[in-house]
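In: fold the stuff below for me.
(one chain, ligands or ions: 1)
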Amino acid sequence: MKAAPFEHHEPTTVDEAVSLLESLHEPTILAGGQSLVPMLRFRLARPDTVVDINGIDSLDYFHEDDGYLKIGALARHADVEDNELIEDRYGSFADAAPLIADPQIRNRGTIVGSMAQADPKGDWGSVLIAHDGEVVAKGPDGERTIPADELFLLPYDTSLMEDELITEARVPTPAPGEGSAYHKLKRKTGDYAMAGVAARLVLDDDGRIEDAGIGMTAVDITNARAADAEAHLEGERPSADLFETAGELAAEASNPESDEHGDAAYKERMVDVLTQRALGDAAERAGAVKRRVTQ
Ligand SMILES: Cc1cc2nc3c(=O)[nH]c(=O)nc-3n(C[C@H](O)[C@H](O)[C@H](O)COP(=O)(O)OP(=O)(O)OC[C@H]3O[C@@H](n4cnc5c(N)ncnc54)[C@H](O)[C@@H]3O)c2cc1C
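Out: From the prediction side, this is the model:
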């Protein structure tokens, strides 16, 4: 099937894009097109106008700046794969990127587009939650930041206004003693997650957990935070027993549905397992980061 006809606009600046979003009737933004184009082709989406942001060169970046890892709206999944900065400092990003879809989709699909799509099976939303990240949205009234916890409302629905463009997603740069990881269970290469867990730990000088972040994929109506598990970890020393209870608490906080990927009880059990694994890797990486910083 072919897409229904629509008007196509190609702004070259963010301001131009925002004024198009304000003036056009029910505009839809096109970034990587890896979710939108299939929806257009199957006529699940029938926008009157499409605002293609691929010509806005200023949105094509990811770098550390001003205490954040900043990810521009045109950074592709593949851009964070095999990248030294990411591998060295952002374990969860390095783990998640190669697990998304296949290389063709990773070459075009954007990290920010994935967050805007708000698919509960999307991997980046959980990473954003675990890192206490936020997105920067620009609209006719200027710029605002939306914390990860306030971004995802319902499946495929965010708190973004129709005339707002996400220009960037950002997470704080790692503190000394911080490590993170992402674990995902899927039936075969290229699949969406049956369940996924992003974990981030910050260890203090005494080796206790100062801060913890846990985001879950595909086991609730949106990417979700395992707040009780996080609270259980804080102030404690990393150990298998501690992580086992955190895994149980994360599983309790999850709310999976049975579907073609697996039944709900199995997915809940997998949240427990994946949480323990992600915490184990995050703790190991937190130690590694700490040693490097104090050398
Ligand atoms: C076969 C297949 C398998 C996949 N597997 C996975 C997977 O395992 N894990 C995973 O996380 N994802 C997966 N995806 C989705 C993929 O990651 C997409 O790239 C992503 O969901 C959307 O990013 P995009 O840049 O392609 O956005 P687009 O398709 O261009 O846009 C998606 C939506 O976001 C909106 N949007 C995009 N950018 C912005 C912006 N800057 N501001 C505001 N709104 C914006 C669009 O208007 C649209 O509504 C898969 C996709 C396919 C087709």
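In: Ala75 and Val112 touch, don't they?
Out: Yes: at 7.2 Å, Ala75 counts as touching Val112 under the criterion of Cβ atoms under 8 Å. Bear in mind the C-beta positions are built from the backbone N, C-alpha and C, glycine included.
In: who's more crowded, these two?
Out: Higher neighbour count among Ala75 and Val112: Val112, with 25 against 22, using other Cβ atoms under 10 Å.
In: the more buried one touches Ala169, doesn't it?
Out: Yes: Val112 lies in contact with Ala169 (Cβ under 8 Å); the separation is 5.2 Å.
In: now for these two: what residues contact both?
Out: 71, 135 (Cβ atoms under 8 Å, 6 or more residues apart in numbering).
In: please report how far Lys138 lies from Asp79.
Out: Distance, Lys138 to Asp79, using Cβ to Cβ, to the nearest Å: 21 Å.
In: quick one: the strands in the stretch 51-200 of the chain?
Out: With DSSP state E, counting those that start in this stretch, the ranges of strands along the stretch 51-200 of the chain come out as 62-65, 68-72, 134-139, 142-147, 152-154, 157-158, 165-172, 178-185, 195-203.
In: wait, which of these is closest to Pro256?
Out: strand 195-203 (7.0 Å; Cβ to Cβ).
In: chain neighbours aside, what residue packs nearest to the residue most central in space within the chain?
Out: Central residue of the chain (Cα atoms, centre = their mean): Trp124, 1.8 Å from the mean position. Among residues not flanking Trp124 along the chain, Ser114 sits closest, at 4.6 Å (Cβ to Cβ, 6 or more residues apart in numbering).
In: same deal with Asp52?
Out: For Asp52, ignoring the flanking residues on the chain, the nearest one in space by Cβ to Cβ, 6+ apart is Leu30 at 4.4 Å.
In: got a list of what the one you found touches?
Out: Neighbour list for Leu30: 36-37, 50-54 [criterion: Cβ under 8 Å, 6+ apart].
In: derive a PyMOL selection command for the buried subset of the residues you listed.
Out: Buried residues among the contacts of Leu30 (16 or more other Cβ atoms under 10 Å), as a PyMOL selection:
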select buried, resi 36+50+51+52+53+54
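In: and which of the contacts of Leu30 is nearest to the ligand?
Out: Leu36 (3.5 Å; Cβ to the nearest ligand atom).
In: distance of the closest one relative to Arg208?
Out: Leu36 sits 45 Å away from Arg208, taking Cβ to Cβ as the criterion.
In: please apply the same query to Pro174.
Out: 17 Å.
In: could you do His63 as well?
Out: From His63 over to Arg208 the distance is 32 Å, taken as Cβ to Cβ.
In: quick one: which of the two has more around it?
Out: Arg208 (15 against 11).
In: list the contacts for that one?
Out: Applying Cβ under 8 Å, 6+ apart to Arg208 gives the contacts 235-237.
In: now with 10 Å?
Out: Arg208 sits next to 177, 202, 233-238 when contact means Cβ atoms under 10 Å, 6 or more residues apart in numbering.
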